[in-house]
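Engineer: Here is a sequence with its predicted model. Questions after.
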Number of protein chains: 2
Amino acid sequence: MASTSDRSPIWAHPEPGSRRPRFTREQIAATALTIADIEGFEAVSMRRIATELGAGTMTLYHYVRTKDDLIALMDNAVMAEVLFADDELPIEWRAGLTAIARRTREVQLRHAWAQHALQNAAAGPSAIRHVEQSLSVLSRTSLDTLQKFAVIGMVDDYVSGNVLRANEIRNEPGGAAANEPIMRFVNAQLESGRYPHTEAAFTGADSREMWSKIAESAAGGEQFEIGLAALLNGAADYYGLSD
Amino acid sequence: MASTSDRSPIWAHPEPGSRRPRFTREQIAATALTIADIEGFEAVSMRRIATELGAGTMTLYHYVRTKDDLIALMDNAVMAEVLFADDELPIEWRAGLTAIARRTREVQLRHAWAQHALQNAAAGPSAIRHVEQSLSVLSRTSLDTLQKFAVIGMVDDYVSGNVLRANEIRNEPGGAAANEPIMRFVNAQLESGRYPHTEAAFTGADSREMWSKIAESAAGGEQFEIGLAALLNGAADYYGLSD
DNA sequence: CCCCTGTTCGTACCTCGTACGCGCTGTTCG
DNA sequence: CGAACAGCGCGTACGAGGTACGAACAGGGG
C-alpha cells in the first residue's frame, strides 16, 4: 500500500480542477464514512467506494493518491464532528476540557472504527482546529506551552483509552456474555482454582449477568466522568491551577 | 479472513497430538512475535511465518484454524510478559495497581504493534491471569466486584490511551518534526491566522524543536506518572479508600 | 511389514491496493 | 467555430494476502 513516496498531506494538493469533475473529495469521504459506519472499516475498499458512487475503481485515484489519503480524508471528516461552534465552547478551562473530552468520546463511540483505522492518519485542517480549540480553553491559565500540551495529552490519553475499551466491549455482538464458546472456556478456567480472586468476584452471582453489568458500567458514561474529574483535579493540583 | 464460524478460542482446542508434529504453537507464536517486533505487525503473514520456520504455508493451519487464532496466540504471549511473579506483586492496592500499570505500559511500548493487534484478540490464559492479578491487589479493599472492575478499567483506559499516543508519536520515523511535507503544511496553515492560540504556542521558539519537546514529554514516563497518580487519588477519594 | 491416520504442503481462488495506459470530452485558443 | 490539448474516467493486470481443497507422505500399531 502507499507506494507513492510523497509524504505530503492530501490538503497540500488542490482538488482536481478546471473541468468540473464528477465527484468531490468530500463526497468520496462521506461515502467511505457511511460504509464504515454501517459495515465496519474493513468493508471500506476502493472498489467498494467506487461501486457505491457508480464509478470505476480507478476513478478514485484522480481525487486521491493512495488509500492513505482516503483515510486522511475520513479522519478529517470525523475530526470535524469533534469541533465546537465558537460560541458553544465554555471559556473556563475545566468546563472547556470536559466538554471537549465528552464530545471526542461521543464522536469516537459513534464511529467505532475510527479509533483503530485513523491511528496513523495524517493531520488535516480539522485536527489542527481541534488542537486550536483545546489550546484556547487553556489560554486563560498560567500554563506554558509544554504544560498545556501535557494536560491536553493526559486527558486525550484517557479519552482514547476509554473509547478503545468501550468499543472492544461493544464489538462483542450482544455483549461479551453472548459469546458462548469463550464464556465456556473462561468459566472452565476459573473452575480450575488457579484464579481465586477472579472466581471469588463471581461467586453468588450469575456470572453472565455479572459480566454484562461490568461491561455496561465500563461502556457507560458514569465511570468515564469519574476518571475525567480525577484527572482534571490532579492536573489542577499538580500545576497549581485555580478556578 | 476467518471464515470458520466456530467462535471458540484456540485454547479450547488441543494442540495436534499423538504423532509428535514438527512444531508447537509456542514456536509459531514466538516466530510471529519476532517478525512483528523487528519488521512490524503488517509483516506478519502466514506465508512469512511459514518461510521463517522452513515449512509450507498451509502447514500452519494444522496448528491454528485462522489467522485470528494466530493473533490470539501472539496476544497471549504478550500478556504473559505483563504478568508478575507472585512474590513481586506489591500487596498494597495503590502500589499494586501502579506496578501493574507501569508494567503494562512497558510491555505495550516494547511491542508497539500489540495495541493494534490485541484489540479484538480472544482472551487467553495469560489475559485471565492478568485480570486475576489486578483483582488480587484490590482484594484487601472494601470495594465490591463492580467497583473493583471500575477502578481497574479506569487505570487500564489511561494506560491504553497513553501507549496509543506514545506509539503514534514513535511511529513518525525520526519524530513528527522530521516529516518535512507535513510540517510545511501545518506551518502554512498556522500562518493563515485562523489558529491564534496554536500560533501563539509556537512563537518565540523553533517550532520544530517545540514539537520534539512536546513529543518527547508525551512519550516519556513523567507525564504518565502524573496522570496515573491523579487517577488513583481520584479513585481513592470517590470510593473512600484508605492506605 | 503394511495400512491407517495424523501431518505436510502444492495449487488455486478470491479480495485488495494500485501501476499503466488508452480513450473520451470539456475547454480554450486561434 | 473547430481543433488540439489537457483533464478525466476506467479496463486490465500484477503481486500480496488469507485460506479451501485435496493429494502426497510418513510413522507407528496391528
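Structural biologist: The structure has been received and is ready for your questions. Numbers count the residues shown, from 1 in each chain, chains lettered A, B, ... in the order given.

Engineer: Could you point out which residue ranges in chain A have low pLDDT?
Structural biologist: A:1-8, A:14-19, A:171-179, A:243 (pLDDT under 70).

Engineer: how about a cut-off of 80?
Structural biologist: For chain A, the stretches with pLDDT under 80 are A:1-21, A:119-120, A:170-182, A:204-207, A:242-243.

Engineer: which residue does it bring closest to DNA strand D?
Structural biologist: Nearest to DNA strand D, among the residues of chain A, is A:Gly56, at 2.4 Å (CB to the nearest atom of the strand). Bear in mind the C-beta positions are built from the backbone N, C-alpha and C, glycine included.

Engineer: separation between A:Ala114 and A:Ala72?
Structural biologist: 12 Å (CB to CB, to the nearest Å).

Engineer: One more: A:Ala30?
Structural biologist: Between A:Ala30 and A:Ala72 the computed distance is 14 Å (CB to CB).

Engineer: With neighbour numbers in mind, choose between these two.
Structural biologist: A:Ala72 (23 against 14; other CB atoms under 10 Å in any protein chain shown).

Engineer: And DNA strand C, is stretch A:73-86 touching that?
Structural biologist: No - judged by CB under 7 Å from any atom of the strand, stretch A:73-86 stays clear of DNA strand C, getting no closer than 11.9 Å.

Engineer: Go through that stretch and flag the buried ones.
Structural biologist: By neighbour count with 16 or more other CB atoms under 10 Å in any protein chain shown, stretch A:73-86 contains the buried residues A:Leu73, A:Met74, A:Asp75, A:Asn76, A:Ala77, A:Val78, A:Met79, A:Glu81, A:Val82, A:Leu83, A:Phe84.

Engineer: close to DNA strand D, is the helix or strand harbouring the fourth one?
Structural biologist: What that stands for is A:Asn76. If you go by DSSP states H and E, A:Asn76 is part of helix A:67-82. No - against DNA strand D, helix A:67-82 shows no contacts by CB under 7 Å from any atom of the strand, the least distance being 11.8 Å.

Engineer: Using CSV, list the CA coordinates for the very next helix or strand once past that helix.
Structural biologist: Using DSSP H and E, the helix or strand that follows helix A:67-82 in sequence is helix A:93-110. This file holds the C-alpha atoms of helix A:93-110, laid out as CSV (Å, rounded to 0.1, in the frame of the first residue of the first chain):
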residue,chain,number,x,y,z
TRP,A,93,-10.6,25.7,31.3
ARG,A,94,-12.1,22.9,33.4
ALA,A,95,-15.5,23.1,31.7
GLY,A,96,-13.9,23.5,28.3
LEU,A,97,-11.7,20.5,28.6
THR,A,98,-14.6,18.5,30.0
ALA,A,99,-16.8,19.5,27.1
ILE,A,100,-14.1,18.6,24.5
ALA,A,101,-13.4,15.3,26.2
ARG,A,102,-17.1,14.4,26.2
ARG,A,103,-17.6,15.4,22.6
THR,A,104,-14.5,13.5,21.5
ARG,A,105,-15.7,10.4,23.3
GLU,A,106,-19.2,10.7,21.7
VAL,A,107,-17.8,11.0,18.2
GLN,A,108,-15.4,8.2,18.6
LEU,A,109,-18.1,6.0,20.0
ARG,A,110,-20.3,6.9,17.1
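
Engineer: Can you tell me what sits against helix A:93-110?
Structural biologist: A:37, A:78, A:81-82, A:84, A:89-90, A:114-115, A:133-134, A:136-138, A:140-141, A:151-152, A:155-156, A:158-160, A:162-163, A:166-167, A:221, A:224, A:228, A:232, A:236, A:241, A:243 (CB atoms under 8 Å, 6 or more residues apart in numbering or on different chains).

Engineer: from the chain's centre, how far out does that helix sit?
Structural biologist: Helix A:93-110 sits 11 Å away from the centroid of its parent chain (CA atoms, centre = their mean, to the nearest Å).

Engineer: What are the buried residues along that helix?
Structural biologist: Neighbour counts over helix A:93-110 (16+ other CB under 10 Å) mark A:93-94, A:96-101, A:103-105, A:107-109 as buried.

Engineer: quick check, the host helix or strand of A:Glu26 touching DNA strand C?
Structural biologist: Counting by DSSP H and E, the element that carries A:Glu26 is helix A:25-39. No - using CB under 7 Å from any atom of the strand, helix A:25-39 never reaches DNA strand C; the gap is at least 10.0 Å.

Engineer: what comes up buried for that helix?
Structural biologist: Quick answer for helix A:25-39 (16+ other CB under 10 Å): A:Arg25, A:Ile28, A:Ala29, A:Thr31, A:Ala32, A:Leu33, A:Ile35, A:Ala36.

Engineer: Next: stretch A:54-68.
Structural biologist: A:Ala55, A:Thr59, A:Leu60, A:Tyr63, A:Val64, A:Arg65, A:Thr66, A:Lys67, A:Asp68.

Engineer: Cross-check the residues you listed against chain B and keep the overlap.
Structural biologist: Restricting the buried residues of stretch A:54-68 to those within reach of chain B (CB under 8 Å from any CB of the partner chain) leaves nothing.

Engineer: Switch those residues over to a markdown table; also include distance to A:Val186.
Structural biologist: As requested, these are arranged in a markdown table below (distance: CB to CB, whole Å):
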| residue | distance to A:Val186 |
| --- | --- |
| A:Ala55 | 47 |
| A:Thr59 | 48 |
| A:Leu60 | 44 |
| A:Tyr63 | 47 |
| A:Val64 | 44 |
| A:Arg65 | 46 |
| A:Thr66 | 41 |
| A:Lys67 | 37 |
| A:Asp68 | 38 |
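
Engineer: Buried residues in stretch A:208-225, which are they?
Structural biologist: A:Arg208, A:Met210, A:Trp211, A:Ser212, A:Lys213, A:Ile214, A:Ala215, A:Ser217, A:Ala218, A:Ala219, A:Gln223, A:Phe224.

Engineer: name the element A:Ala229 belongs to?
Structural biologist: Applying DSSP H and E, one finds A:Ala229 within helix A:221-239.

Engineer: now A:Ala50
Structural biologist: Per DSSP H and E, A:Ala50 falls inside helix A:46-53.

Engineer: Specify the angle between that helix and helix A:25-39 in degrees.
Structural biologist: 100 degrees (axes from the mean of the first three to the mean of the last three CA atoms, to 10 degrees).

Engineer: Show which residues not belonging to helix A:46-53 make contact with it.
Structural biologist: Helix A:46-53 is contacted from outside by A:23, A:27-28, A:31-32, A:34-35, A:56-61, A:67, A:70, using CB under 8 Å, 6+ apart.

Engineer: For those residues, which two are the farthest from each other?
Structural biologist: A:Thr34 and A:Met58 (21.2 Å; CB to CB).

Engineer: buried residues in the helix or strand where A:Arg165 lies?
Structural biologist: Using DSSP H and E, A:Arg165 sits within helix A:145-171. Within helix A:145-171, the residues that count as buried by 16+ other CB under 10 Å are A:145, A:147-169.
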